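>>> one predicted model, sequence on top.
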2 protein chains.
Amino acid sequence: VKTKLSSRKAEVVIGDELPTVLIGERLNPTGKKKLSAALLSGNYELVRNMALDQVRAGADILDVNAGVAGADEVALLKEMVRVVVETVDVPLCIDSKDPKALEASLEIYPGKALINSVTGEEASLRELLPLIKEHSAVVIGLTVDDEGIPKGPEQRLRIASKIVEKAESLGIPREDVVIDCLVMTLGADSNAGIVALEAVRKIRSELGVNMTCGASNISFGVPDRVLLNNTFLSMVIEAGINCPIVDVSTVRPTVLATDFILGHDRYAKRYSKGYRQRMGR
Amino acid sequence: VKTKLSSRKAEVVIGDELPTVLIGERLNPTGKKKLSAALLSGNYELVRNMALDQVRAGADILDVNAGVAGADEVALLKEMVRVVVETVDVPLCIDSKDPKALEASLEIYPGKALINSVTGEEASLRELLPLIKEHSAVVIGLTVDDEGIPKGPEQRLRIASKIVEKAESLGIPREDVVIDCLVMTLGADSNAGIVALEAVRKIRSELGVNMTCGASNISFGVPDRVLLNNTFLSMVIEAGINCPIVDVSTVRPTVLATDFILGHDRYAKRYSKGYRQRMGR
């Protein structure tokens, strides 16, 4: 299936055989003191610069998250979305657990947004899916439900199926659901990598949906995170992830190489261009 | 299956769930002027240093090839093998198309060697397999036959099956055949990557044999070869290659990361050790 997202000026298509779409993860204050402080003080210069940097580095979509302790998330997320829409042309991935914050941002977003995220929890499905339908948005479905994050690939497929079915029953087409099968950290569980790879293959082959993941979760607490993230990313893209949420500047060369190897970059156009850019030519 | 190789002092085991075994590719004069000149002049200092360097960089096995124009390959290969056996402890992969050169080297090799390689061509099978049997060696089987290198994964599986069957009919056990499904270059054929990945998966699942490949073939004539080789290697190891022939110093970090992700490196022992070595600690 082909998933289409748009901003006022640009459209991005996610799908089989197409180059991997990169969602820039950096506009998220979690663990970032400078960004948190800037947001709390109402200074959006850093947000603008981070948005521009990520797009220059090759981000196709930007994730925008306003999770700062002490802030009014509804107002802050809406303001961040407004500022980022003003600054760059790429579509946005609006990231919050709060339906009110998502609603307020969707109301000002000029295009077809990606929403991060609904889960398989009953309350989440009930509150968020009608909002997605109303705004013709695309939603990321996380494979977690009221019983928590399941250990195995089978149960993740089960939750993904439930999310897709629920969405379809409300008139949200399958292509407007992107599944995130939840990558865990290798440092805590040495099966995290193979579980993720198997879950991606199962969900792709059973449901045919497009898929994202927060690839850098794999490396929390492990040395040389960039190496591990890049290595994992090439494997998981081959398995079926086609719009990962990443630190674009540190993974783009590997993603371009992966697309070239998988035959998704005819005549190596994107790969060669990326190489010339890195070499400053 | 488990494939065992040995030198006088060391044993190397290739198999499922085990860490990837790296075969160092550098002791091959093809395209190397300095090494060719040294070999022609009977100077083995460079050979010794290259052997030591590769083992220090983490090579588990060393490929030894004596293909220099103007040299007597039978005598030269035998001498190179003698020198390398004297210099390092790892098992060797003796690399030649000439059965006489392989025979002379096998006669002086103190252990269970890997032989690179037999093909599906009638003459190759007829001449080489009895030699493998006689010396209880392990043989790499290339998926090429009298009709050339096949385009698709199916035909590569067919040739691999033929090699395994022929070997078994002579009493060479399946674990003593390692298949190389022949990686082609992406620069010439944009399907080279997906054909290789599919061939590896098919051959592994149908025949259960261990598999090697010359991973750097993927990147001939393409910029940033190290990036492309590393990206391809993680994907092809995940598909089932467990003893690639590589430039160890440029790919080992990615291979250690790949093994960690695939759950073949409990507690990240090898990954962490490799990291500390790179950091000089």
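Nice, thanks for sending it over.
>>> was I right to think A:Y44 contacts A:E79?
Yes: counting by CB atoms under 8 Å, A:Y44 does reach A:E79; the two are 7.4 Å apart. All C-beta atoms are positioned from the backbone trio N, CA, C, and that covers glycine.
>>> return the residues in contact with A:A113.
A:L5, A:P91, A:L92, A:C93, A:I94, A:S105, A:L106, A:H135, A:A137, A:V138 (CB atoms under 8 Å, 6 or more residues apart in numbering or on different chains).
>>> out of the residues you listed, which one sits closest to B:L256?
Of all these, the one with the least separation from B:L256 (CB to CB) is A:C93, at 32.5 Å.
>>> picking up where we left off before, so which of the contacts of A:A113 are in strands?
A:L5, A:L92, A:C93, A:I94, A:V138 (DSSP state E).
>>> just the buried ones from those residues?
A:L5, A:L92, A:C93, A:I94, A:V138 (16 or more other CB atoms under 10 Å in any protein chain shown).
>>> if I look at the residue lying closest to the first one once chain neighbours are set aside, how far off is A:D189?
Put plainly, it is A:L5. Of all residues not flanking A:L5 in the chain, A:P91 sits nearest, at 4.1 Å (CB to CB, 6 or more residues apart in numbering or on different chains). The gap separating A:P91 from A:D189 is 34 Å, by CB to CB, to the nearest Å.
>>> settle it for me: which of the two has more neighbours?
Using other CB atoms under 10 Å in any protein chain shown, the more surrounded residue of A:P91 and A:D189 is A:P91, with 27 against 12.
>>> what average pLDDT does stretch A:181-189 get?
For stretch A:181-189, mean pLDDT is 94.
>>> going by neighbour count, list what's buried in that stretch.
Buried, per 16+ other CB under 10 Å, within stretch A:181-189: A:C181, A:L182, A:V183, A:M184, A:L186, A:G187.
>>> those residues also near chain B: which ones?
Applying CB under 8 Å from any CB of the partner chain, the subset of the buried residues of stretch A:181-189 adjacent to chain B comprises A:L186, A:G187.
>>> how about the residues of chain A by chain B?
A:186-187, A:190-191, A:193-194, A:197, A:218, A:222-224, A:227-228, A:230-232, A:234-235, A:238, A:253-254, A:257-258, A:260-263, A:265-268, A:271-272, A:275, A:278.
>>> if we go to 7 Å?
Residues of chain A lying near chain B by CB under 7 Å from any CB of the partner chain: A:186, A:190-191, A:193-194, A:222-224, A:227-228, A:231-232, A:234-235, A:238, A:253-254, A:257-258, A:260-263, A:266, A:268, A:272, A:275.
>>> Provide the secondary structure category for A:I179.
Under DSSP: H, G, I helix; E, B strand; the rest coil, A:I179 falls in the strand class.
>>> would you agree it is in contact with A:M211?
Yes: at 5.2 Å, A:I179 counts as touching A:M211 under the criterion of CB atoms under 7 Å.
>>> anything in contact with each of these two?
A:I203 (CB atoms under 7 Å, 6 or more residues apart in numbering or on different chains).
>>> those two: which is more packed in?
Between A:I179 and A:M211, counted using other CB under 10 Å, A:I179 has the larger neighbour count: 30 against 25.
>>> what are the bridge partners for that one, then?
A:G141, A:M211 (DSSP bridges).
>>> can you list contacts of whichever strand or helix holds A:L76?
Assigned by DSSP states H and E, A:L76 falls within helix A:73-87. Helix A:73-87 is contacted from outside by A:7, A:27, A:39, A:44, A:47-48, A:51-52, A:62, A:64, A:66-68, A:92, A:94, A:96, A:98, A:100-101, A:104-105, A:108-110, using CB under 7 Å, 6+ apart.
>>> tell me the one among the contacts of A:A113 nearest to A:V144.
Closest to A:V144, out of all of those and judged by CB to CB, is A:C93, at 18.1 Å.
>>> neighbours of the residue nearest to A:S136 when sequence neighbours are not counted, just the number please.
Leaving aside its sequence neighbours, A:S136 sits nearest to A:K112 (CB to CB, 6+ apart; 6.1 Å). By the criterion of other CB under 10 Å, A:K112 has 18 neighbours.
>>> what secondary structure does A:K112 sit in?
Assignment for A:K112 (three-state DSSP): coil.
>>> hmm, back to that, in JSON lines, list the buried residues of stretch A:181-189 along with secondary structure and distance to A:V1.
Shown next, in JSON lines, are these (DSSP: H, G, I helix; E, B strand; the rest coil; distance: CB to CB, whole Å):
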{"residue": "A:C181", "secondary structure": "coil", "distance to A:V1": "17"}
{"residue": "A:L182", "secondary structure": "coil", "distance to A:V1": "21"}
{"residue": "A:V183", "secondary structure": "coil", "distance to A:V1": "22"}
{"residue": "A:M184", "secondary structure": "coil", "distance to A:V1": "26"}
{"residue": "A:L186", "secondary structure": "coil", "distance to A:V1": "30"}
{"residue": "A:G187", "secondary structure": "coil", "distance to A:V1": "34"}
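>>> in whichever strand or helix holds A:E238, which residues are buried?
Element membership for A:E238 (DSSP H and E) is helix A:225-239. By neighbour count on 16+ other CB under 10 Å, the buried set for helix A:225-239 is A:227-239.
>>> next one: stretch A:209-222
In stretch A:209-222, counting by 16+ other CB under 10 Å, buried: A:V209, A:N210, A:M211, A:T212, A:C213, A:G214, A:A215, A:S216, A:N217, A:I218, A:S219, A:V222.
>>> could I get those in a markdown table, plus columns for secondary structure, distance to B:T143 and pLDDT?
Output for the buried residues of stretch A:209-222, formatted as a markdown table (DSSP: H, G, I helix; E, B strand; the rest coil; distance: CB to CB, whole Å; pLDDT from 0 to 100):
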| residue | secondary structure | distance to B:T143 | pLDDT |
| --- | --- | --- | --- |
| A:V209 | coil | 35 | 98 |
| A:N210 | strand | 34 | 98 |
| A:M211 | strand | 32 | 98 |
| A:T212 | strand | 36 | 98 |
| A:C213 | coil | 34 | 97 |
| A:G214 | strand | 38 | 95 |
| A:A215 | helix | 33 | 91 |
| A:S216 | helix | 37 | 92 |
| A:N217 | helix | 38 | 94 |
| A:I218 | helix | 33 | 97 |
| A:S219 | helix | 36 | 97 |
| A:V222 | coil | 37 | 94 |
